[in-house]
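A.B. asks: Show me the folded form of this:
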Amino acid sequence: CDDEIDGQELGMTPATPLVPELAAGDKVARLEHLRTETLRALAGEPVAEPAFQAFQRVARAHAIPERHALERLAGFGMDVTDHRYRTFDETLLYCYRVAGVVGVMMALVMGVRDPRVLQRAADLGIGFQLTNISRDVLDDARNGRCYLPADWLAQAGIPPDGIADPAHRAALVGVVERLLQEADRYYQSAAIGLQSLSFRSGWAVATALAVYRDIGRVVRERGI
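C.D. replies: Numbers count the residues shown, from 1 in each chain. Sure, this is the predicted structure:
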């Protein structure tokens, strides 16, 4: 889904010269295609693409509710419509949709059914996405995207079009630090749920948590 919306392959821009960015209309059409095929897969209808065939089998085997998959696509919709994030709550909603709900679906595959543990899984995904945002602030800005809350930027004296300006870099580091502090809170919450997973699943999730927290550490160390 990520690749479809961003016109990439395996998370990377295709290695061909002068690849144009997808037009807004193309992104909308691709999102609608993903939604249509997702609903067909969940309804048990025939689907041709291997990714949706696989999703259909996994969703059926582990009783993944339709709302989780649609929430994920709603997150992509926020990218397609170039949503602007005015507050941290709006940033959190995006993080839940594109990553938190993925944690929930993965936990369902791991056999989790306790709502409290599923919430911890969502917290882990949110922490991951907050870390991703902190790492990619400048890359996102160059691509015309910003997931940092507008009110945080205003408090730091950074104009909406000045995120990539070196003159605001020190202030930007402060905003990113706030984001990483929030990510740490979600990681702490997520860690509570690890004990409810099987050993193998818990080991894998704990490893992912440690890797992502370390990305935040590196971002902090590099500073400006």
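A.B. asks: pull the helix or strand with minimum mean pLDDT from this structure.
C.D. replies: Lowest mean confidence among the helices and strands of the chain (mean pLDDT, DSSP states H and E): helix 2-6, at a mean of 82.
A.B. asks: Against which helices or strands is that helix packed?
C.D. replies: In terms of contact count using 3 or more C-beta pairs under 8 Å, 6 or more residues apart in numbering; DSSP states H and E, helix 2-6 is assigned the packing partners helix 24-42, helix 66-80. Bear in mind the C-beta positions are built from the backbone N, C-alpha and C, glycine included.
A.B. asks: Adding mean pLDDT and mean neighbour count, write these out as JSON lines.
C.D. replies: Output for the helices and strands packed on helix 2-6, formatted as JSON lines (pLDDT from 0 to 100; neighbours: other C-beta atoms under 10 Å):
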{"stretch": "helix 24-42", "mean pLDDT": "92", "mean neighbour count": "16"}
{"stretch": "helix 66-80", "mean pLDDT": "96", "mean neighbour count": "18"}
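A.B. asks: follow-up on the earlier one: quick one: buried residues of the least confident helix or strand of the chain?
C.D. replies: Neighbour counts over helix 2-6 (16 or more other C-beta atoms under 10 Å) mark 5-6 as buried.
A.B. asks: same thing with stretch 109-125?
C.D. replies: For stretch 109-125, by 16+ other C-beta under 10 Å, it's 110, 112, 117-125.
A.B. asks: what's the answer for stretch 210-219, then?
C.D. replies: 212-213, 215-216, 219.
A.B. asks: Same check on stretch 79-96?
C.D. replies: Buried, per 16+ other C-beta under 10 Å, within stretch 79-96: 79-80, 85, 88, 90-96.
A.B. asks: mind putting the buried residues of stretch 109-125 in JSON lines, pLDDT included?
C.D. replies: Putting those into JSON lines (pLDDT from 0 to 100) gives the following:
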{"residue": "M110", "pLDDT": "96"}
{"residue": "V112", "pLDDT": "96"}
{"residue": "V117", "pLDDT": "97"}
{"residue": "L118", "pLDDT": "98"}
{"residue": "Q119", "pLDDT": "98"}
{"residue": "R120", "pLDDT": "98"}
{"residue": "A121", "pLDDT": "98"}
{"residue": "A122", "pLDDT": "98"}
{"residue": "D123", "pLDDT": "98"}
{"residue": "L124", "pLDDT": "98"}
{"residue": "G125", "pLDDT": "98"}
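A.B. asks: before we move on, back to that, please put the alpha-carbon coordinates of the least confident helix or strand of the chain into PDB.
C.D. replies: Included here for helix 2-6 are C-alpha records, laid out as PDB according to Å, rounded to 0.1, in the frame of the first residue of the first chain:
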ATOM      1  CA  ASP A   2       2.800   2.400   0.900                       C
ATOM      2  CA  ASP A   3       4.500   1.700  -2.500                       C
ATOM      3  CA  GLU A   4       1.200   2.200  -4.400                       C
ATOM      4  CA  ILE A   5       0.500   5.600  -2.900                       C
ATOM      5  CA  ASP A   6       4.000   6.900  -3.100                       C
END
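A.B. asks: what residues are up against the closest residue to V80 other than its chain neighbours?
C.D. replies: Spatial nearest neighbour of V80, chain neighbours left out: K27 (4.6 Å); criterion: C-beta to C-beta, 6 or more residues apart in numbering. With contact taken as C-beta atoms under 8 Å, 6 or more residues apart in numbering, K27 is in contact with 5, 79-80.
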